[in-house]
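*Asks:* The following comprises the amino acid sequence and a computationally predicted model.
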Amino acid sequence: MDLNLSTSDHTEYRNSGLISETVGSLVIAFALMPASAAVLAQPAQVVPREITIVNCATSDTQQSSMVKMGLLQDDQTTLISEPAKDAIGLHGLKRLKNFFRLQAGWDGAVSKPIDLSSIGVFSRFFAETHLCPERLGVFMSGRGNVVVNWLDQDGHLVELEFHSAGVDYFIEGTGDEGMVSVDDVGFSKLFKLVSESVRPDGKG
């Protein structure tokens, strides 16, 4: 690097003359400026015309947040039936509490907070079928739906996603995949599909 300072013309050179600027007169002139003028003399900042924020969480409304948090307190809830609680266990219930705290954007820009109707369908399904698989996993999809899964006796995955329109199911062992409606007929069909993977008494 070449560094050459000349006191006669107040010119500074850096990097072999690639950058040059007048120093002495500029410093003096700037120091004599009023404060307002000095601010105006600063280079204008470039402001982008459009800013896109990705993966930014947006909170629920105050009312919906209060309603959700009030539904799960001290391991008690008005939405989850006793058979559903038995199926997911204490650990699963704690996970559900954590899902209630998640805001929109928790898993990408389009992910949603928990859907209360999903909780209702999940609770009703286990209340009517009394399924209680061993090592039942509890999750939440990006659509805000409750998802449960377990392994059948042969180690194949069984997965159910509960939403307002029904229950999406995937049974790896048989290759069955689809959706049933939220009614006795739909639940009966789904029970027949998954009953071979677990007995109603909960002994997998």
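*Replies:* Now that the structure is in, tell me what you want to look at. Only a predicted model underlies this, so the values are computations on that prediction, with no experimental measurement involved.
*Asks:* For this structure, give me the ranges with low pLDDT.
*Replies:* Across the chain, the ranges flagged by pLDDT under 70 are 1-78, 198-204.
*Asks:* can you list the domains in the protein?
*Replies:* 3-41, 62-197 (automatic domain parsing).
*Asks:* Okay, Phe139 and Leu90: tell me how far apart.
*Replies:* As judged by C-beta to C-beta, to the nearest Å, Phe139 and Leu90 stand 17 Å apart. Bear in mind the C-beta positions are built from the backbone N, C-alpha and C, glycine included.
*Asks:* Settle it for me: which of these two has more neighbours?
*Replies:* A count of neighbours by other C-beta atoms under 10 Å puts Phe139 above the other of Phe139 and Leu90, at 14 against 9.
*Asks:* Just give the closest residue to the more buried one, not the sequence neighbours.
*Replies:* Here the nearest residue to Phe139 in space, its sequence neighbours aside, is Val147; by C-beta to C-beta, 6 or more residues apart in numbering that works out to 4.3 Å.
*Asks:* element containing that neighbour, please.
*Replies:* strand 146-151 (DSSP states H and E).
*Asks:* Note down every partner strand of that strand and its orientation.
*Replies:* Strand 146-151 pairs in its sheet with strand 137-140 (antiparallel), strand 157-163 (antiparallel), by DSSP bridges.
*Asks:* now the helices for this structure?
*Replies:* 24-32, 35-41, 62-71, 82-101, 116-129, 184-194 (DSSP state H).
*Asks:* mind saving the C-alpha coords of the fifth one as PDB?
*Replies:* Taking only C-alpha atoms (Å, rounded to 0.1, in the frame of the first residue of the first chain), the coordinates of helix 116-129 have been written out as PDB:
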ATOM      1  CA  LEU A 116     -59.400 -24.900  18.000                       C
ATOM      2  CA  SER A 117     -61.600 -27.000  15.700                       C
ATOM      3  CA  SER A 118     -58.700 -29.300  15.200                       C
ATOM      4  CA  ILE A 119     -58.500 -29.800  19.000                       C
ATOM      5  CA  GLY A 120     -62.200 -30.600  19.000                       C
ATOM      6  CA  VAL A 121     -62.000 -33.200  16.200                       C
ATOM      7  CA  PHE A 122     -59.000 -34.800  17.800                       C
ATOM      8  CA  SER A 123     -60.800 -35.000  21.200                       C
ATOM      9  CA  ARG A 124     -64.000 -36.500  19.700                       C
ATOM     10  CA  PHE A 125     -62.200 -39.100  17.700                       C
ATOM     11  CA  PHE A 126     -60.400 -40.600  20.700                       C
ATOM     12  CA  ALA A 127     -63.600 -40.300  22.800                       C
ATOM     13  CA  GLU A 128     -65.500 -42.400  20.300                       C
ATOM     14  CA  THR A 129     -62.900 -45.000  19.400                       C
END
